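Undergrad: any chance you could fold what I've pasted below:
(2 chains)
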Amino acid sequence: MRRLLLVAATALGLAAGASSAAPLADEEALAMLERIARAARQLSYVGTFVYQHGDHVETSRIVHLVDASGEYEKLEALDGPRREIIRNNDEVLCYYPDAKIVRSEKRVARRTFPALLPEQLSALTGYYEIRKGEVERIAGYDAQALVLEPKDGMRYGHKLWAEADSGLLLKARMVNENQHAVEQFTFTQLSIGSGVTRDMVKPSFNVRFPEWRLDRFANNTSSNVDSGWVVKQFPAGFRKIMEMRRSKQGSNNPIVHLVYSDGMAAVSVFIESAAGRTGIQEGLSRQGAINIYIRTLESQVITVLGEAPAATVVQIGNSVSYRGK
Amino acid sequence: MERVSALMDGELEESEAEVELSRAKGDPAMREAWDTYHLIGDALRGQAALSADVLAKVSSALEQEPTVLAPRSRRPRSASRIALSLAASICGVAVVAWLALGNNPFVSQPEFADSARLAAVGEPGSAPVQVAAGRANSAMNDYLIAHQEFSPSTAMQGMVSYVRTVSARDESR
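TA: Take a look at the predicted model:
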């Protein structure tokens, strides 16, 4: 009996110790995050995951293939209306077969994305306390949890569960200041490594025009764009990681796109002429974990969105101004 | 493959483009690339026809304009209210009230933050911001997709995080 009590006490002690683990040294925390990002980029895998936000639950299938010719990915919604997102290296195509729409988006600068920038990573530890969590079993794999607790209210908290051997992310939860989940991704089934073929990353739809419609949202990063637009008071820890001009199919008005990030969250600022816009809905709204804030400034519409608290997107949106060139 | 892409992007001269087009017809690999890019040239040429179609849709959608739960604004918003209706109509999206989502039988996750209870936020010296009673419609989807590329979550979990973009339901009419 005494021995049993001892075991129980030890177990309790371990559990308590795990939940209040000391913050990791910067290098160790960053190494774990880099390992997760590397696994996402370099491993081939196929799996089913559940995405939850608010009171919404949806199941999707993901296939990721890396071979000599590059990186291919297919995301397929399994619930409700059909939807597929396909990536062939730098190009992202979104298929909405019910609406017969294909959206096209060319990715920028693969040398920097999707890899995290080292300076982004090093800024992380200034604004998040990073701790190791417990080891849990997810989708049949052992996963090491990593907790990123924000040091202020301008960013959400994160808990990441990485597969013990490969580092592949099996589960990710974003929480608000009350520790309520804002969104959560969880793999329910996953196969890593072998068995992923090119056929599995091809679109399921035979697209023909003009029955289908193509929407393109091009970007132009051929030159280092200085748009003249600035955010004067972005929250501490955020820095500008991208500035570019985009053009929308069927519109002659260029759209300025600025991106700010603290290493875990990104906030985009889009600035376009109000004359080119058919709908302006000022105020705050949200799409899943993404907060969206829209305001007009003289003849411009400013749209700010990101996986950050409402206060953060509003602060950024309200401090956008034109400094001129 | 790059030539096909350049062709699609309209980066080639007309004569050059014609050469590429005829090559594409003869070369299976190029034809596949062409199919992959979905005859973008056709779509681009189809835009003129499309705009008339959109106009027709907008006018008919305006006649059956849905009740819109718009955020409060500090200034008169008759013009922007019409614009909002336009946006909703073009996309075939009536702004969906969050409250309607409460009927989902699978919802029993009190640990999840309730979107409807999202606190109004404001900054000192500025009017408080009202939370819109709607969700992003497909007009916002270009932005959501463009944003996702730069989100660190994409670096951490690949395209899994693209499920954040607008669902197919909102894209259909």
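Undergrad: poorly predicted segments of the chain, please.
TA: All of this refers to chain A. Applying pLDDT under 70 to chain A flags residues A:1-20, A:108-122, A:220-224, A:276-279.
Undergrad: correction: the question concerned chain B.
TA: The model of chain B has pLDDT under 70 over residues B:1-139, B:166-173.
Undergrad: give me that answer again for 50
TA: B:1-2, B:9-10, B:34-111, B:114-136, B:168-169, B:171-173 (pLDDT under 50).
Undergrad: wait, is residue B:153 part of a strand?
TA: No - going by DSSP: H, G, I helix; E, B strand; the rest coil, the assignment for residue B:153 is helix, not a strand.
Undergrad: state the distance from it to residue A:60.
TA: Look at residue B:153 and residue A:60: by C-beta to C-beta, to the nearest Å, they are 15 Å apart. From N, CA and C alone the C-beta is placed, and that goes for glycine too.
Undergrad: who has more neighbours out of the two?
TA: Between residue B:153 and residue A:60, residue B:153 has the larger neighbour count (other C-beta atoms under 10 Å in any protein chain shown), namely 26 against 22.
Undergrad: which residue, other than its chain neighbours, is closest to that one?
TA: Leaving aside its sequence neighbours, residue B:153 sits nearest to residue B:161 (C-beta to C-beta, 6 or more residues apart in numbering or on different chains; 4.2 Å).
Undergrad: and for that neighbour, the neighbour number?
TA: 26.
Undergrad: please report phi then psi for it.
TA: As for residue B:161, its main-chain torsions (degrees, to the nearest 10) stand at phi -70, psi -10.
Undergrad: quick check: it touching residue A:174?
TA: No - Residue B:161 lies out of contact with residue A:174 (C-beta atoms under 8 Å); the separation is 10.5 Å.
Undergrad: gap between stretch A:244-255 and the chain center?
TA: Stretch A:244-255 has its C-alpha centroid displaced from the chain centroid by 24 Å (C-alpha atoms, centre = their mean, to the nearest Å).
Undergrad: okay, how far is it across it, tip to tip?
TA: With C-alpha to C-alpha, to the nearest Å as the measure, stretch A:244-255 spans 8 Å from end to end.
Undergrad: next one: stretch A:314-323
TA: First-to-last residue span, stretch A:314-323, C-alpha to C-alpha: 20 Å.
Undergrad: in it, what counts as buried?
TA: Under the neighbour-count criterion of 16 or more other C-beta atoms under 10 Å in any protein chain shown, stretch A:314-323 has A:314, A:315, A:316, A:317, A:318, A:320 buried.
Undergrad: is any part of the helix or strand that contains the third one close to chain B?
TA: Here residue A:316 sits within helix A:310-318, counting by DSSP states H and E. Yes - in terms of C-beta under 8 Å from any C-beta of the partner chain, part of helix A:310-318 sits within range of chain B, namely A:310, A:311, A:314, A:315, A:318.
Undergrad: then stretch A:140-157?
TA: No - Stretch A:140-157 does not reach chain B (C-beta under 8 Å from any C-beta); its nearest approach is 9.9 Å.
Undergrad: quick one: that stretch to chain centroid distance?
TA: For stretch A:140-157, the distance to the chain centre is 14 Å (C-alpha atoms, centre = their mean).
Undergrad: what packs against the helix or strand containing residue A:243?
TA: Element membership of residue A:243 [criterion: DSSP H and E] is strand A:239-248. Strand A:239-248 is packed against helix A:118-127, strand A:213-220, strand A:255-261, with contacts defined by 3 or more C-beta pairs under 8 Å, 6 or more residues apart in numbering or on different chains; DSSP states H and E.
Undergrad: export those as JSON lines, with columns for distance to chain B and mean neighbour count.
TA: Putting the helices and strands packed on strand A:239-248 into JSON lines (distance: least, C-beta to the nearest C-beta, whole Å; neighbours: other C-beta atoms under 10 Å in any protein chain shown) gives the following:
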{"stretch": "helix A:118-127", "distance to chain B": "7", "mean neighbour count": "16"}
{"stretch": "strand A:213-220", "distance to chain B": "4", "mean neighbour count": "19"}
{"stretch": "strand A:255-261", "distance to chain B": "4", "mean neighbour count": "24"}
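Undergrad: reformat these as JSON lines; add distance to residue B:157.
TA: Formatted as JSON lines, those follow (distance: least, C-beta to C-beta, whole Å):
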{"stretch": "helix A:118-127", "distance to residue B:157": "16"}
{"stretch": "strand A:213-220", "distance to residue B:157": "22"}
{"stretch": "strand A:255-261", "distance to residue B:157": "16"}
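Undergrad: residues contacting the residue nearest to residue B:153?
TA: Contact partners of residue B:161, counting by C-beta atoms under 8 Å, 6 or more residues apart in numbering or on different chains, are A:185, B:148, B:151, B:153, B:154.
Undergrad: which among those residues gets closest to residue A:206?
TA: Distance to residue A:206 across these (C-beta to C-beta) is lowest for residue B:148, with 25.9 Å.
Undergrad: tell me if I'm right that the closest one and residue B:158 touch.
TA: No - judged on C-beta under 8 Å, residue B:148 makes no contact with residue B:158 at a distance of 10.8 Å.
Undergrad: residue A:103: neighbour count?
TA: 23.
Undergrad: same thing with residue B:144?
TA: Using other C-beta under 10 Å, residue B:144 has 20 neighbouring residues.
Undergrad: and it, which of the three is it?
TA: From three-state DSSP, the assignment for residue B:144 is helix.
Undergrad: what sits against the closest residue in space to it that isn't next to it in sequence?
TA: Distances taken as C-beta to C-beta, 6+ apart place residue B:165 nearest to residue B:144, at 4.4 Å, with adjacent residues excluded. By C-beta under 8 Å, 6+ apart, the residues touching residue B:165 are A:85, A:94, A:287, B:141, B:144, B:145, B:148.
Undergrad: distance check, residue B:165 against residue A:83.
TA: Taking C-beta to C-beta, one finds residue B:165 at 9 Å from residue A:83.
Undergrad: which residues in the stretch 151-300 of chain A form strands?
TA: A:157-163, A:169-175, A:181-192, A:213-220, A:229-231, A:239-248, A:255-261, A:266-273, A:283-287, A:290-297, A:300-306 (DSSP state E, counting those that start in this stretch).
Undergrad: okay if I get those strands as JSON lines plus distance to residue A:39?
TA: Listed next are these as JSON lines, based on distance: least, C-beta to C-beta, whole Å:
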{"stretch": "strand A:157-163", "distance to residue A:39": "7"}
{"stretch": "strand A:169-175", "distance to residue A:39": "7"}
{"stretch": "strand A:181-192", "distance to residue A:39": "9"}
{"stretch": "strand A:213-220", "distance to residue A:39": "27"}
{"stretch": "strand A:229-231", "distance to residue A:39": "33"}
{"stretch": "strand A:239-248", "distance to residue A:39": "22"}
{"stretch": "strand A:255-261", "distance to residue A:39": "20"}
{"stretch": "strand A:266-273", "distance to residue A:39": "20"}
{"stretch": "strand A:283-287", "distance to residue A:39": "27"}
{"stretch": "strand A:290-297", "distance to residue A:39": "24"}
{"stretch": "strand A:300-306", "distance to residue A:39": "24"}
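Undergrad: out of those, nearest to residue A:44?
TA: Comparing these by C-beta to C-beta, strand A:181-192 comes nearest, at 7.6 Å.
Undergrad: quick one: contacts of that closest one?
TA: For strand A:181-192, contacts defined as C-beta under 8 Å, 6+ apart pick out A:43-53, A:59, A:138-141, A:156, A:163, A:166, A:168-176, A:288-289, A:307, B:109, B:111-113, B:157, B:160-161, B:163-164.
Undergrad: C-alpha coordinates for the strand or helix carrying residue A:57, CSV please?
TA: Assigned by DSSP H and E, residue A:57 belongs to strand A:56-67. Provided in CSV are the C-alpha atoms of strand A:56-67 (Å, rounded to 0.1, in the frame of the first residue of the first chain):
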residue,chain,number,x,y,z
HIS,A,56,-17.7,24.8,-36.4
VAL,A,57,-16.1,21.4,-37.1
GLU,A,58,-14.9,20.2,-40.5
THR,A,59,-12.9,17.3,-41.8
SER,A,60,-10.3,17.5,-44.6
ARG,A,61,-7.8,15.3,-46.2
ILE,A,62,-4.2,16.5,-46.9
VAL,A,63,-1.6,15.0,-49.2
HIS,A,64,1.9,16.4,-49.3
LEU,A,65,4.5,15.1,-51.8
VAL,A,66,8.1,16.1,-52.0
ASP,A,67,10.2,14.7,-54.9
